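In: Generate a structure from the sequence data that follows.
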Amino acid sequence: MADQLLTVRAARTGRSSLGDRVRQLRVARGLTQTELAGERFSKEYVSQIERGKTRPTGETIEWLAVRLGVDQSFLETGISSSERERAESTISRAEAALESSRFEEAVDELSKLAPSLAAVAAPDLEFRALLAEAWGRMYTGDLRRALDLLGRARVLAEGADFTDVDRAEVLFRLGSCRHKLNSISTAIALFTEAYDVATRSGLPADRLRSRILERRARCFQRQRDFEAAREDVERALELAEGLNDRRTIADAYFQASIIAEREGRWVLARSYAERAKTLFEEISDRVNAGKLLNNLGGLNFLLGKPEEAIEYLKNAFSVALEVGSDIDAAYAVSSMAQVHLRTGNLDQAEQQARHALELLGGRVEYLDEVGNAELVLGRALFEQGRLDEAEAMFTHAEESFTQISSASHRAAAWVAQGDLATRRGDDREAAHLYRRAAEALQDFRF
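Out: So this is what the prediction gives:
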């Protein structure tokens with residue numbers, strides 16, 4: 001056993017090649033090249049293997065593994081069969097956790113595995129682990145770490161063992177992180193490159209292409225290019241339905257609902273949202289089903305049904321608490337604050353807007369909702385006659401919206417500031433602010 005540990009340790013100095021492992025294991029066993037070659041090979045052939053000048057056949061690797069006292073898998077990849085099985089099992093569990101939106105669980109699993117994977121030559125496993133951990137960290141707010149992991153995955157994907165679909169997958173996830181960081185133009189460029197690479201590959205990649213289009217549609221929405229967003233979502237939906245992939249279909253309907261809402265087609269938006277919610281429920285995705293409850297609450301309010309809206313939002317809040325998502329709870333509370341503001345319940349609007357801001361914690365990837373909650377809080381204070389407090393909150397909202405480069409959101413802040421200037425009798429400042437809002441082509445409803 002001690003001898004076996006010695007040989008394994010010797011073969012794990014850095015990221016070794018097959019030749020490195022043969023040499024390290026041979027030296028650890030006290031063999032010369034001639035002794036290792038025996039009567040089967042020449043010393044020179046062993047030397048060529050160790051220097052990476054030749055690649056032995058599978059049969060030769062098997063023979064060398066027996067001579068060196070390790071299994072063939074370890075000699076070939078740097079990881080034994082049992083270790084590989086354990087690593088694959090861990091990665092598969094993490095990937096399943098990600099599918100169920102259990103992001104912290106996935107990160108915990110993979111962060112323990114990463115050091116051992118980095119020490120051996122198992123690029124396929126390391127690649128999967130890097131992608132999965134980056135995705136989990138993106139959703140837990142550790143965006144810089146996610147980008148670092150994806151940078152390493154991108155380098156790995158350039159290797160001959162990987163395909164264009166693998167490279168497109170990395171670009172897609174990089175684009176998703178950039179979208180979360182509000183770097184919208186960069187995200188669109190990455191999504192476009194990912195889509196082109198996946199398409200040119202000639203390999204089956206419809207699910208990936210659908211996901212790319214759905215994410216790019218979110219970016220086009222932020223740029224108020226709703227026609228481009230709608231085209232991407234329609235194509236994403238077509239690809240997903242061709243695969244009968246319920247999750248990807250649900251994601252596409254989710255985005256289709258948001259686009260329809262932005263265009264003022266609220267009945268259609270509600271229909272899409274209900275379809276998405278049903279699909280998420282069918283695949284037991286409580287997190288996204290809860291998000292749809294929040295959206296349905298907003299849509300029912302826009303359709304003149306405030307009581308139904310509040311009921312949906314309360315259910316959305318309950319689901320968020322059940323699944324342990326402070327961010328989704330914040331969205332639900334922020335939406336309730338808007339409903340209460342628009343129905344004249346100012347104390348409740350103020351209380352819930354403050355609660356939403358506490359839950360959001362100023363996280364940069366949720367600045368749009370931070371700004372929304374600040375704006376609602378400012379409006380609630382304004383209506384209560386607390387003008388100085390309202391002014392401070394409107395300023396905070398404008399700053400949040402400026403960071404996400406959303407003209408329509410900033411326009412909403414300018415309108416609020418214009419109303420404040422009007423209340424104070426400063427008509428010139430009010431006119432200036434209203435003009436700025438009009439020029440920004442405000443598109444901000446709920």
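
In: so what's Glu383 up against?
Out: The neighbourhood of Glu383, defined by C-beta atoms under 8 Å, 6 or more residues apart in numbering, consists of 341, 346. Every residue, glycine included, has its C-beta placed from N, CA and C.

In: Kindly provide the distance from it to Asn345.
Out: Remark: distance between Glu383 and Asn345 (C-beta to C-beta, to the nearest Å) = 10 Å.

In: what does Ala407 give?
Out: Distance from Ala407 to Asn345, by C-beta to C-beta: 30 Å.

In: Tell me which of these two has more neighbours.
Out: Ala407 (20 against 16; other C-beta atoms under 10 Å).

In: Skipping adjacent residues, who's closest to that one in space?
Out: Excluding the flanking residues, the one nearest Ala407 by C-beta to C-beta, 6 or more residues apart in numbering is Ala440, at 4.1 Å.

In: just checking, that neighbour touches Ser406?
Out: No. Contact between Ala440 and Ser406 fails when scored by C-beta atoms under 8 Å: they sit 9.3 Å apart.

In: Let's verify Gly202: helix, strand, or coil?
Out: coil (DSSP: H, G, I helix; E, B strand; the rest coil).

In: residue contacts, it?
Out: With C-beta under 8 Å, 6+ apart, Gly202 has no contacts at all.

In: Ok, the one 4 residues further on next?
Out: For Asp206, the contact set (C-beta under 8 Å, 6+ apart) comprises 239-240, 242-243.

In: Relative to Gln352, how far out is Lys314?
Out: Taken as C-beta to C-beta, the span from Lys314 to Gln352 is 11 Å.

In: Between those two, tell me which one has more neighbours.
Out: Applying other C-beta under 10 Å to Lys314 and Gln352 shows that Gln352 carries more neighbours, namely 27 against 14.

In: didn't the more buried one look like it was pressed against Ala337?
Out: Yes. Using C-beta under 8 Å, Gln352 is in contact with Ala337, at 3.8 Å.

In: any low-confidence regions in the stretch 51-200 of the chain?
Out: 79, 114-121 (pLDDT under 70).

In: what ranges do the strands span in it?
Out: Assigned by DSSP state E, counting those that start in this stretch, the stretch 51-200 of the chain shows no strands.

In: avg pLDDT for the strand or helix carrying Arg215?
Out: Taking DSSP states H and E as the definition, Arg215 sits inside helix 206-222. Average pLDDT, helix 206-222: 95.

In: In PDB, please show the C-alpha coordinates belonging to that helix.
Out: Extracted C-alpha coordinates of helix 206-222, given in PDB (Å, rounded to 0.1, in the frame of the first residue of the first chain):
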ATOM      1  CA  ASP A 206     -30.100  22.700 -30.700                       C
ATOM      2  CA  ARG A 207     -30.600  22.800 -26.900                       C
ATOM      3  CA  LEU A 208     -27.500  25.000 -26.500                       C
ATOM      4  CA  ARG A 209     -28.500  27.200 -29.400                       C
ATOM      5  CA  SER A 210     -32.000  27.600 -27.900                       C
ATOM      6  CA  ARG A 211     -30.500  28.600 -24.600                       C
ATOM      7  CA  ILE A 212     -28.200  31.100 -26.300                       C
ATOM      8  CA  LEU A 213     -31.100  32.800 -28.100                       C
ATOM      9  CA  GLU A 214     -33.200  33.000 -25.000                       C
ATOM     10  CA  ARG A 215     -30.400  34.700 -23.100                       C
ATOM     11  CA  ARG A 216     -29.600  37.000 -26.000                       C
ATOM     12  CA  ALA A 217     -33.200  38.000 -26.000                       C
ATOM     13  CA  ARG A 218     -32.900  39.200 -22.500                       C
ATOM     14  CA  CYS A 219     -30.100  41.500 -23.600                       C
ATOM     15  CA  PHE A 220     -32.100  42.900 -26.500                       C
ATOM     16  CA  GLN A 221     -34.900  43.600 -24.000                       C
ATOM     17  CA  ARG A 222     -32.500  45.700 -22.000                       C
END
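
In: Need the contact partners of the next helix or strand after it.
Out: Using DSSP H and E, the helix or strand that follows helix 206-222 in sequence is helix 226-243. By C-beta under 8 Å, 6+ apart, the residues outside helix 226-243 that reach it are 206-207, 209-211, 213-214, 216-218, 220-221, 248-249, 251-253, 255-256, 259, 262-263.

In: hmm, back to that, between Ala440 and Ser406, tell me which one has more neighbours.
Out: Shown here are Ala440 and Ser406; by other C-beta under 10 Å, Ser406 has more neighbours (24 against 19).

In: Isn't that one up against Asp368?
Out: Yes. Contact criterion C-beta under 8 Å: Ser406 and Asp368 qualify, at 6.8 Å.

In: Identify the residues contacting Arg152.
Out: Leu130.

In: same check, this time on the one 10 residues further on
Out: Applying C-beta under 8 Å, 6+ apart to Phe162 gives the contacts 123, 127, 156.

In: how does it look with 7 Å?
Out: Leu156 (C-beta atoms under 7 Å, 6 or more residues apart in numbering).

In: ditto for Asp166
Out: 127, 157.

In: ok, it to Leu18 distance?
Out: Separation of Asp166 from Leu18 (C-beta to C-beta): 22 Å.

In: And Val364, by the same measure?
Out: From Val364 to Leu18 the distance is 44 Å (C-beta to C-beta).
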